[in-house]
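Visitor: Okay, predicted coordinates and the sequence, questions at the end:
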Amino acid sequence: MIWSEHGSLVILGQTALAWVVVLFHELAHLATARAAGVPGTISLSTRLQFLVAHTDVSGIWLAPLRVRVTVYLAGMAQDAAICGAALVLIFFHGPHPLLSVLVLTGFGCLVAQFLLFMRTDLYFLLQDLTGCRNLYGDSAAYLRYLITMRKRPDPLARLPGRERVSVRGYAVLLVVGTGACLAFAVMVTLPIAISLVSRAVHTLVTGSGLVSFLDATLVLGLVAAVELMWVTAWWRRHGHRVRTFLSGRSHPATHHRQSRAGA
């Protein structure tokens, strides 16, 4: 992964390759949905500490199961195709740092889809196969009901028996997965980011030549840009809840089906 002594080149190269993979992933969702006559839009959002892109193809719920599954898994198939193509090039032409990064990036995208406690592609497949309308939302409402010592109506009371079982099971996965993911962010991701920023700041303060100065400046700029994108996407998604909470009004629950496939 570290293919250059200049951190800015490593970050810039990996970021560019990652977003290329993500773009093709989302285009796969969009193309398969539109082939079935369903419109879709690609946008940025957040899932826990991650900045992600997703494709809103909510109309796919009206399509047959085979079509829905195709749309859900199209992005993963695209990631696998990119990994396969890069591996073939490595096999015939020898190893290359950027090809290795491309393989790891595509493989990382595939693995990330198994984080079912977030609304990944496989989450939407699971939601569909279990017949739940909003597996994530109902599970979150059930957890809030348990946390408040059951001082509010049981949100599972309105659900069919099969959905209740799925929601209870997913609620356990939601707690364990979210806790593990946030712990990883605190113990691994955050220290790496702090170390990266502190080194760049140290380089700017001590002054180690023009190349090092430009490298450190670019590192700080890239880190700041990504964080700003995350904050903007998070506020666009959750800002109304923050304003509702601060105003003291209750936020109405929604129980519609969701279908947002993403990377």
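Guide: Yep, it's here.
Visitor: Low-confidence bits of the protein, can you list those?
Guide: For the chain, the stretches with pLDDT under 70 are 1-2, 249-263.
Visitor: quick one, longest helix in it?
Guide: Criterion DSSP state H: the longest helix present in the chain is helix 210-247.
Visitor: packing partners for that one?
Guide: Here helix 210-247 touches helix 7-35, strand 41-47, strand 50-56, helix 190-206, going by 3 or more C-beta pairs under 8 Å, 6 or more residues apart in numbering; DSSP states H and E. Bear in mind the C-beta positions are built from the backbone N, C-alpha and C, glycine included.
Visitor: And the contacts of the second one?
Guide: In other words, strand 41-47. 26-27, 30, 51-56, 118-120, 229-230, 232-234, 236-237, 262 (C-beta atoms under 8 Å, 6 or more residues apart in numbering).
Visitor: And for the last one?
Guide: Contact partners of helix 190-206, identified using C-beta under 8 Å, 6+ apart, comprise 7, 212-213, 215-217, 219-220, 223.
Visitor: Quick one: closest of the helices and strands packed on helix 210-247 to residue 169.
Guide: With C-beta to C-beta, the closest approach to residue 169 among the helices and strands packed on helix 210-247 belongs to strand 41-47: 20.2 Å.
Visitor: Just the C-alphas of that closest one, formatted as PDB.
Guide: The C-alpha trace of strand 41-47 is given here as PDB (Å, rounded to 0.1, in the frame of the first residue of the first chain):
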ATOM      1  CA  THR A  41     -29.700   8.700  -8.400                       C
ATOM      2  CA  ILE A  42     -26.100   8.500  -7.100                       C
ATOM      3  CA  SER A  43     -25.200  10.700  -4.100                       C
ATOM      4  CA  LEU A  44     -22.800  10.800  -1.100                       C
ATOM      5  CA  SER A  45     -23.800   9.800   2.400                       C
ATOM      6  CA  THR A  46     -22.400   8.500   5.700                       C
ATOM      7  CA  ARG A  47     -22.500   5.100   7.400                       C
END
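Visitor: List the residues that contact residue 50.
Guide: Contact analysis of residue 50 by C-beta under 8 Å, 6+ apart lists residue 118.
Visitor: actually residue 235, not the one I wrote
Guide: Taking C-beta under 8 Å, 6+ apart, one finds residue 242 in contact with residue 235.
Visitor: Over to residue 62?
Guide: Contacts of residue 62 by C-beta under 8 Å, 6+ apart are residue 38.
Visitor: Next: residue 53.
Guide: Counted by C-beta under 8 Å, 6+ apart, residue 53 has contacts 22-23, 25-26, 42-45, 262-263.
Visitor: what's the most distant pair in the residues you listed?
Guide: By the measure C-beta to C-beta, 23 and 45 form the most distant pair in the contacts of residue 53, at 15.0 Å.
Visitor: Who has more neighbours out of the two?
Guide: Comparing residue 23 with residue 45 by other C-beta atoms under 10 Å, the one with more neighbours is residue 45, at 18 against 14.
Visitor: Check which helix or strand the nearest residue to residue 152 once chain neighbours are set aside maps to.
Guide: Nearest residue to residue 152 in three dimensions, chain neighbours excluded: residue 145, at 5.8 Å (C-beta to C-beta, 6 or more residues apart in numbering). Assigned by DSSP states H and E, residue 145 falls within helix 135-147.
Visitor: Which residues belonging to that helix are considered buried?
Guide: Buried residues in helix 135-147, defined by neighbour count with 16 or more other C-beta atoms under 10 Å: 135-143, 145.
Visitor: Who does the spatially most central residue of the chain form a beta bridge with?
Guide: Centroid-nearest residue in the chain, with C-alpha atoms, centre = their mean: residue 52, separated by 4.2 Å. Assessed by DSSP bridges, residue 52 has beta-bridge partners residue 45.
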